[in-house]
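**Student:** Task: produce atomic coordinates for the following.
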Amino acid sequence: MIFTIENILTENELTLISEQIHLSDFIDGKQTAGWHAQQVKHNTQLSSKASYAQPLKEMVSSAIRRHPLFQSAVQPKAIHTLLFSRYESGMSYGTHVDNALMGQQFRSDVSFTLFLSPPDEYEGGELVIEASDGDRAFKLEKNAMLVYPSSYLHRVAEVTKGVRFVCVGWVQSLVRDPAKREILFDLDTVKRSLFTQQGKTLEFDLLSKSHSNLLRQWCE
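**Tutor:** Take a look at the predicted model:
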């Protein structure tokens, strides 16, 4: 399931990022890529050695976690890796698949890209997901996030003008199978809609029972 979430960060959080980020703290993005992805990765990333890097990552992670759509659709167990990435003119990231294991051997089930530059500030730079039904290109508004299964081949088109600034990250889900996560999300969506319309009915209770029991069965 591929979906977008708008308004992830507050205005204060966005301001804090713009005030603390220093270009001198960015390093070659190849340093955080797998051996096969290094050949096609051409960007820069905020060094983990920057004193403000970890607090900013924790702030973004908390903001993502508090969003109810993210919670319902992703069933996060751990948001284990975040990177602030910059693409200047001429930079791109060729076709690749994200590493299955990251950090302290966390599984990457779900990937996300939080756009931190307005789309009119750069040209090119689309995130292209290569699905079986064809390529899908995304260039979202500032503070909007694209969420997608980590198993997809994807790429970042070359930036031809301006600067593309994003925060990318990976999640280990409580539910490994993306098809099962989608079933749970659909059930939860219908359950909430039914409660809004009719309150706590027998139908709502049965849906809640099925949703809970499937989560109990599929959760790792």
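**Student:** Now the element after the longest helix seen in the chain, going C-ward?
**Tutor:** Taking DSSP state H as the criterion, the chain has its longest helix at helix 178-198. Sequence order places helix 202-218 as the next helix or strand after helix 178-198, per DSSP states H and E.
**Student:** Now do that following helix: which elements does it pack against?
**Tutor:** In terms of contacts (3 or more Cβ pairs under 8 Å, 6 or more residues apart in numbering; DSSP states H and E), helix 202-218 is packed against helix 178-198. Bear in mind the C-beta positions are built from the backbone N, C-alpha and C, glycine included.
**Student:** can you list contacts of the helix it packs on?
**Tutor:** With contact meaning Cβ atoms under 8 Å, 6 or more residues apart in numbering, helix 178-198 is reached by 1, 72-75, 109, 149, 151, 173, 175, 201, 203-204, 207-208, 210-211, 214-215, 218.
**Student:** Please apply the same query to stretch 75-84.
**Tutor:** Under the criterion Cβ under 8 Å, 6+ apart, residues 21, 32, 45-46, 53, 56-57, 60-61, 64-65, 70, 102-104, 106, 108, 110, 116, 165-175, 181, 184, 215, 219-220 lie in contact with stretch 75-84.
**Student:** try 7 Å
**Tutor:** When contacts are defined by Cβ atoms under 7 Å, 6 or more residues apart in numbering, stretch 75-84 is touched by residues 32, 45-46, 57, 60-61, 64-65, 102-103, 106, 167-175, 181, 184.
**Student:** what does stretch 140-155 give?
**Tutor:** 2-9, 14, 74, 93-98, 108-119, 127-131, 138, 170, 178.
**Student:** buried ones in it?
**Tutor:** For stretch 140-155, a neighbour-count test (16 or more other Cβ atoms under 10 Å) marks 140, 142-150, 152, 154-155 as buried.
**Student:** How about stretch 68-85?
**Tutor:** Using 16+ other Cβ under 10 Å as the test for burial, stretch 68-85 gives 70, 72-85.
**Student:** quick one: which of those residues sit in strands?
**Tutor:** Secondary-structure check on the buried residues of stretch 68-85 using DSSP state E: residues within strands are 76-85.
**Student:** Of all residues in the protein, which one is nearest the centre?
**Tutor:** Compute the mean C-alpha point of the chain, and by Cα atoms, centre = their mean the closest residue is F112, 1.3 Å away.
**Student:** Now do the same for that one: helix, strand or coil?
**Tutor:** When the structure is reduced to helix, strand and coil (DSSP: H, G, I helix; E, B strand; the rest coil), F112 reads as strand.
**Student:** thought it was touching G169?
**Tutor:** Yes: with the criterion set as Cβ atoms under 7 Å, F112 and G169 qualify as a contacting pair; they are 5.4 Å apart.
**Student:** chain center to the helix or strand of the chain with the lowest mean pLDDT, what's the gap?
**Tutor:** Least confident helix or strand, the chain: strand 101-102 with a mean of 90, by mean pLDDT, DSSP states H and E. Averaging C-alpha positions (Cα atoms, centre = their mean, to the nearest Å) puts strand 101-102 15 Å from its chain's average.
**Student:** Show me what that strand is packed against.
**Tutor:** Taking 3 or more Cβ pairs under 7 Å, 6 or more residues apart in numbering; DSSP states H and E as the contact definition, strand 101-102 has no neighbouring helices or strands.
**Student:** mean confidence for the next helix or strand after that strand?
**Tutor:** Using DSSP H and E, the next helix or strand after strand 101-102 towards the C-terminus is strand 106-107. Confidence over strand 106-107, taken as the mean pLDDT, stands at 94.
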